[in-house]
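**Student:** coords please:
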Amino acid sequence: MNRASLDKQPHEVASMFDAVAANYDLTNDVLSFGQDRRWRREVAKAVDARPGQKILDLAAGTGTSSLPFVEAGAYVVPCDFSQGMLREGKKRHPWLPLTAGDGTRLPFRDDVFDAVTISFGLRNIADTELALREMLRVTKPGGRIVICEFSHATWAPFRTVYEEYLMRALPPVARAVSSNPDAYVYLAESIRSWPEQPELARTLGSAGWEKVAWRNLSGGVVALHRGTKPA
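**Tutor:** Down below sits the predicted model:
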């Protein structure tokens, strides 16, 4: 898949991530100028995992995003639909319970997790609202969702510069560090076509989440959305 597709066929997206698994974390670090580490710290703060809690980390890739929750004493299930990502994660973190799963058909019972989180993966799922409803289903009443996703810069001049970077600078940089640079053209286009922050908040509400709110990181390049399952 060389270009972003609104259809987001699961097997094509999964195959794309299989191809970039080996260097995925390094590539993200380079392309974000190290900002991805800060964003993940903010996710960990928002999830606020506690000892004994069960956390679902969806679109967890190699499992790197799950480590802060483990360090907090929670039981974490990293879940991803890319077998390549999961295999790479198993090499690095053989003790993590890495699980294969589709965000629109999660392989978990109802009301299992105290919190569910997804970072930079929601826009790659074919049906956003269906995925949000699935996350609601597997979350305990009163539990929470935290979504970290690329979004849209709030300052117009910076937004122009950022979108130019996505489409012009990102592919050449990706060619230097990624095993599948064409995948990053898809990723850049998927970011540009992703809904604005208020629209995603409305979709969360439509899916059944309450107390929906968001805050912008890095001037809106990334947005952190939160919600609570009705008690």
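**Student:** Y75 bridge partners, please.
**Tutor:** Beta bridges link Y75 to K54, judged by DSSP bridges.
**Student:** and it, how close does it get to G52?
**Tutor:** From Y75 over to G52 the distance is 7 Å, taken as Cβ to Cβ, to the nearest Å. For glycine as for every other residue, the C-beta is placed from the backbone atoms N, C-alpha and C.
**Student:** now do the strands in the protein.
**Tutor:** For the chain, the strands defined by DSSP state E occupy 54-58, 75-80, 99-100, 113-119, 139-150, 210-217, 222-228.
**Student:** E163: which of these is closest?
**Tutor:** strand 139-150 (11.4 Å; Cβ to Cβ).
**Student:** packing partners of that closest one?
**Tutor:** Here strand 139-150 touches helix 35-47, strand 113-119, helix 128-138, helix 197-206, strand 222-228, going by 3 or more Cβ pairs under 8 Å, 6 or more residues apart in numbering; DSSP states H and E.
**Student:** list the buried ones in that strand?
**Tutor:** Within strand 139-150, the residues scored as buried using 16 or more other Cβ atoms under 10 Å are 139-140, 143-150.
**Student:** out of the residues you listed, who's nearest V70?
**Tutor:** Distance ranking of the buried residues of strand 139-150 against V70, using Cβ to Cβ, places V146 first at 16.2 Å.
**Student:** now for the closest one: which residues touch it?
**Tutor:** Applying Cβ atoms under 8 Å, 6 or more residues apart in numbering to V146 gives the contacts 43, 46-47, 115-118, 224-226.
**Student:** let's see the pLDDT reported for the residue of the chain most remote from its centre.
**Tutor:** Each residue of the chain has a distance to the centre, and by Cα atoms, centre = their mean the biggest one is for P157: 26.4 Å. pLDDT for P157: 76.
**Student:** please tell me how far it sits from G219.
**Tutor:** On the measure of Cβ to Cβ, P157 and G219 end up 11 Å apart.
**Student:** cool, S193 as well?
**Tutor:** Distance of S193 to G219, given as Cβ to Cβ: 19 Å.
**Student:** compare those two and say which one has the larger neighbour count.
**Tutor:** Taking other Cβ atoms under 10 Å, S193 and G219 do not tie; G219 has more neighbours (14 against 11).
**Student:** could you dump the helices and strands packed on strand 139-150 into a markdown table with mean neighbour count, mean pLDDT and distance to G89 added?
**Tutor:** Converted to a markdown table, these look like this (neighbours: other Cβ atoms under 10 Å; pLDDT from 0 to 100; distance: least, Cβ to Cβ, whole Å):
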| stretch | mean neighbour count | mean pLDDT | distance to G89 |
| --- | --- | --- | --- |
| helix 35-47 | 17 | 90 | 15 |
| strand 113-119 | 26 | 97 | 14 |
| helix 128-138 | 20 | 98 | 20 |
| helix 197-206 | 16 | 98 | 27 |
| strand 222-228 | 22 | 97 | 22 |
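**Student:** redo those as a markdown table? Include distance to R92.
**Tutor:** As requested, these are arranged in a markdown table below (distance: least, Cβ to Cβ, whole Å):
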| stretch | distance to R92 |
| --- | --- |
| helix 35-47 | 16 |
| strand 113-119 | 17 |
| helix 128-138 | 25 |
| helix 197-206 | 31 |
| strand 222-228 | 24 |
